[in-house]
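A.B. asks: no sequence for this one, just the structure:
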């Protein structure tokens, strides 16, 4: 098949799970002898800034479809809504339209709220996040619904997200295409670790739904309980200043918490190699790519039992799952992981095996091929 993949964020210019999944899937499809073209910003893609991509990508997609005559056009995330609508109107002879949506923006919007445990507010969204909730999120919901409803086939990275898309976007069915890792080599950043090996590691954009305040509270509980622990926080975002203030208010100094800022893919590999475990305390997720990267590196994962995470992390086998917004439960899981290196290693190795079995580009490409072929056949039979 001739396939056109369309996305707003693509590596190396953007650090984005969406963009990396485009590259991973492209690698898997090419290995199965499909002709794959990727369209993003710049070059012959959409012109102008990232914020205008939903509009500027429309002529770029039309031009690419006319030149390449793809059998399938796959749009990643809600930014492709207007392009999907334009192609849908093309009528007979148009390519099959596929939408791969990592999250429901209805849920993403709901996740911009205070973090609360036992009646106590432990974190609040900032001004930028509140602006997202009231201004940008409704637009993303509209574009997401448009993308999903114009598509012939809707894909999601987990069964949980697929159910959300059916409920929130009004689609009759969404198929699961899990996120994957390992499609291309990433060199570890040779820069030294920010301290001795064995720290807990968080990786992600710093925003309220990532639940980092919960992790800081849990870390404080570990230290108060007499268990030495350190935390590396890799990532930037609108919530960083609030998190630094919260860490200071909890008495967590630079010896306990290190804010490392933006981390390249190679830097994340280095941090994972030196970390004791990856911690994902989110209140909402799709299927976080960093979880797969940690498992591939043989690191146990300690995560909230939310969204698609339990479809990857198996509690008691490849990591620890805890309720979201529950610092004591998270602290207890962290304590178990830190105090039992052999169990931590066992779960990490089980995670590595699980990734190699289920979450590789060749597996995703095979599933994509089967699912898309069925959709093409169904469309031809109408």
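C.D. replies: Here it is on my side, so go on. A quick note: this is a predicted structure, and the numbers were derived from the prediction, not measured.
A.B. asks: ok, residue 318 to residue 247 distance?
C.D. replies: Per CB to CB, to the nearest Å, residue 318 is found 29 Å from residue 247. To be clear about C-beta, it is placed using only N, CA and C from the backbone, and glycine gets the same treatment.
A.B. asks: So which of those two has more stuff around it?
C.D. replies: residue 318 (25 against 22; other CB atoms under 10 Å).
A.B. asks: and the residue most central in space within the chain, backbone torsions?
C.D. replies: By CA atoms, centre = their mean, the chain has its centre lying nearest to residue 288, at 3.6 Å. Taking degrees, to the nearest 10, you get phi -60, psi 130 for the backbone angles of residue 288.
A.B. asks: what's the answer for the one 10 residues further on, then?
C.D. replies: Geometry field for residue 298 lists phi and psi as phi 80, psi 20, criterion degrees, to the nearest 10.
A.B. asks: Okay, domains of this structure per the record?
C.D. replies: Here the chain is described, according to automatic domain parsing, as comprising the domains 2-183+360-380, 199-358.
A.B. asks: Turn those domains into a markdown table, including mean pLDDT and distance to residue 189.
C.D. replies: Supplementary listing: the domains of the chain in a markdown table, determined by pLDDT from 0 to 100; distance: least, CB to CB, whole Å:
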| stretch | mean pLDDT | distance to residue 189 |
| --- | --- | --- |
| domain 2-183+360-380 | 94 | 13 |
| domain 199-358 | 96 | 4 |
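A.B. asks: Ramachandran coordinates for residue 188?
C.D. replies: Backbone geometry at residue 188, expressed as degrees, to the nearest 10, gives phi -60, psi 140.
A.B. asks: That one contacts residue 268, doesn't it?
C.D. replies: No: using CB atoms under 8 Å, residue 188 is not in contact with residue 268, being 9.0 Å away.
A.B. asks: Compare those two and say which is more crowded by neighbours.
C.D. replies: When residue 188 and residue 268 are compared for neighbours, residue 268 comes out ahead with 25 against 15, by other CB under 10 Å.
A.B. asks: residue contacts, the more buried one?
C.D. replies: By CB atoms under 8 Å, 6 or more residues apart in numbering, the residues touching residue 268 are 203, 234, 290, 293.
A.B. asks: that's a helix at it, yeah?
C.D. replies: Yes: using DSSP: H, G, I helix; E, B strand; the rest coil, the assignment for residue 268 is a helix.
A.B. asks: Excluding chain neighbours, what is closest to the residue nearest to the centre of the chain?
C.D. replies: Nearest non-adjacent residue to residue 288, counting by CB to CB, 6 or more residues apart in numbering: residue 280, 6.0 Å away.
A.B. asks: now residue 339
C.D. replies: Residue nearest to residue 339 in three dimensions, not counting chain neighbours: residue 227, with 6.9 Å by CB to CB, 6+ apart.
A.B. asks: same thing with residue 292?
C.D. replies: Nearest residue to residue 292 in three dimensions, chain neighbours excluded: residue 181, at 4.3 Å (CB to CB, 6+ apart).
A.B. asks: Any idea how many residues pack against that neighbour?
C.D. replies: With other CB under 10 Å as criterion, residue 181 counts 23.
A.B. asks: check contacts around it.
C.D. replies: With contact set as CB under 8 Å, 6+ apart, residue 181 has these partners: 24, 289, 292, 293, 296, 355, 359, 360.
A.B. asks: In helices only, show me those.
C.D. replies: Of those, the ones assigned to helices by DSSP state H are 24, 289, 292, 293, 296, 355.
A.B. asks: okay, the residues you listed in CSV with neighbour count and distance to residue 159 next?
C.D. replies: Shown next, in CSV, are those (neighbours: other CB atoms under 10 Å; distance: CB to CB, whole Å):
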residue, neighbour count, distance to residue 159
24, 23, 20
289, 24, 17
292, 26, 16
293, 21, 21
296, 19, 22
355, 23, 18
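A.B. asks: Out of those, which comes closest to residue 140?
C.D. replies: Distance to residue 140 across these (CB to CB) is lowest for residue 289, with 19.8 Å.
A.B. asks: List the residues that contact the residue nearest to the centre of the chain.
C.D. replies: 17, 204, 280, 282, 309.
A.B. asks: Contacts only, for the fourth one.
C.D. replies: Each residue near residue 282 by CB under 8 Å, 6+ apart is listed here: 204, 209, 210, 211, 288, 303, 304, 306, 307, 309, 324.
A.B. asks: The first one too?
C.D. replies: For residue 17, the contact set (CB under 8 Å, 6+ apart) comprises 102, 179, 288, 289, 290.
A.B. asks: try the third one
C.D. replies: Contacts of residue 280 were listed using CB under 8 Å, 6+ apart, and they are 202, 204, 288, 290, 291, 301, 302, 303, 304, 309.
A.B. asks: Among these, which one sits closest to residue 3?
C.D. replies: Closest to residue 3 out of the contacts of residue 280 is residue 288 (25.3 Å), distances taken as CB to CB.
A.B. asks: pretty sure residue 205 belongs to a strand, no?
C.D. replies: No: per three-state DSSP, residue 205 lies outside any strand segment and is coil.
A.B. asks: just to revisit the earlier point, if we take the contacts of residue 280, which one ends up nearest to residue 134?
C.D. replies: Proximity of the contacts of residue 280 to residue 134 (CB to CB) peaks at residue 204, which lies at 23.2 Å.
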